[in-house]
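1. show me the folded form of this:
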Amino acid sequence: MELGLKKNDLRLSPYDPSWEKAFMNIKKQIIDCTALKPDRIQHIGSTSIVGMPAKPIIDIMVGIDSLKQIDAKLFTQLKEAGFLRLKVEKPDEIVLARFTDKSYSVKTHFIHLVEKDSKKWNDLLFFRNHLNQNSQAKEAYKELKQELVVQPGMEIQSYTEICQRYFESE
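-> Residues are numbered from 1 along each chain as shown. Predicted coordinates:
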C-alpha cells in the first residue's frame with residue numbers, strides 16, 4: 001500500500017484492506033499524543049468503505065467539544081503526531097494534514113476536526129456506515145467516482161465538490 005497524493009493530483013487506488021490498519025496505527029499515535037478518547041477518532045472517507053476505490057489518503061474525523069473554544073495545545077499535540085493545520089476555510093471543521101516528508105508536497109492523511117455529535121459528525125458517520133451496509137448505494141457511489149476520475153480536465157476540487165453533493169443527497 002502506498003499512501004499519498006500531490007496537491008492537484010487526482011487518482012483512485014483500488015480498495016486496499018491495509019487502509020484500516022494504517023488508520024488504526026495513526027489513531028494510536030493520535031491517542032498517545034493527545035489523550036483523546038478512542039471514540040472521538042473515526043476513520044471516514046472512501047478508504048473506510050470496504051471495496052471502494054479511493055484517493056490514497058486516510059481521512060480521520062476527530063470529535064472535539066467546540067471549534068470556537070479549541071485549545072491551542074491540541075494543535076501542538078497533533079503536530080507531534082505529524083499533522084499540520086491547513087489554510088482551509090470551512091465553517092464546521094478545521095483540516096490538518098500529514099505529509100510524506102519536509103517538502104510538504106505529498107499528503108498521506110487528513111484530520112477533520114469537527115464538533116462531536118454535531119450534524120457534520122453524524123452525517124459523516126452515517127455516510128460511511130450506509131455505504132458499508134448498502135451494496136446498491138456503494139456501487140452507485142463507486143461508479144460516480146470512477147466516471148469522474150476519467151473525465152478529461154477533471155480537477156481535484158471539482159471531483160471533491162461533486163462527491164460532496166452526492167454525499168449530501170444520500
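
2. what sits closest to the residue nearest to the spatial centre of the chain if chain neighbours are left out?
-> In the chain, the residue lying closest to the centroid (Cα atoms, centre = their mean) is Asp59, at 2.0 Å. Closest residue to Asp59 apart from its sequence neighbours, by Cβ to Cβ, 6 or more residues apart in numbering: Gly45 at 3.1 Å. (Each C-beta comes from the backbone N, C-alpha and C, glycine too.)

3. for that neighbour, give its distance to Leu131.
-> 11 Å (Cβ to Cβ, to the nearest Å).

4. how about the secondary structure of Phe110?
-> strand (DSSP: H, G, I helix; E, B strand; the rest coil).

5. give me the contacts around whichever helix or strand Lys27 is part of.
-> Using DSSP states H and E, the element containing Lys27 is helix 18-34. With contact meaning Cβ atoms under 8 Å, 6 or more residues apart in numbering, helix 18-34 is reached by 1, 3, 36, 38, 41, 43, 47-48, 54, 58, 60, 62, 74, 77-78, 80-82, 98, 109, 111.

6. what about this structure, any weak spots by pLDDT?
-> Along the chain, the model assigns pLDDT under 70 to residues 1, 170.

7. CA atoms only for the following helix or strand past the helix holding Lys27 - export them in PDB, please.
-> Scanning forward in sequence from helix 18-34 by DSSP H and E, the next helix or strand is strand 41-44. Taking C-alpha atoms only, strand 41-44 is exported to PDB below (Å, rounded to 0.1, in the frame of the first residue of the first chain):
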ATOM      1  CA  ILE A  41     -11.300   9.400  16.400                       C
ATOM      2  CA  GLN A  42     -13.100   7.800  13.500                       C
ATOM      3  CA  HIS A  43     -12.000   6.500  10.100                       C
ATOM      4  CA  ILE A  44     -14.100   8.300   7.400                       C
END
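
8. where along this protein do the helices fall?
-> 18-34, 72-80, 119-133, 135-149, 156-169 (DSSP state H).

9. Asn8 is nearest to which of these?
-> Nearest to Asn8 among the helices of the chain is helix 156-169 (5.6 Å), distances taken as Cβ to Cβ.
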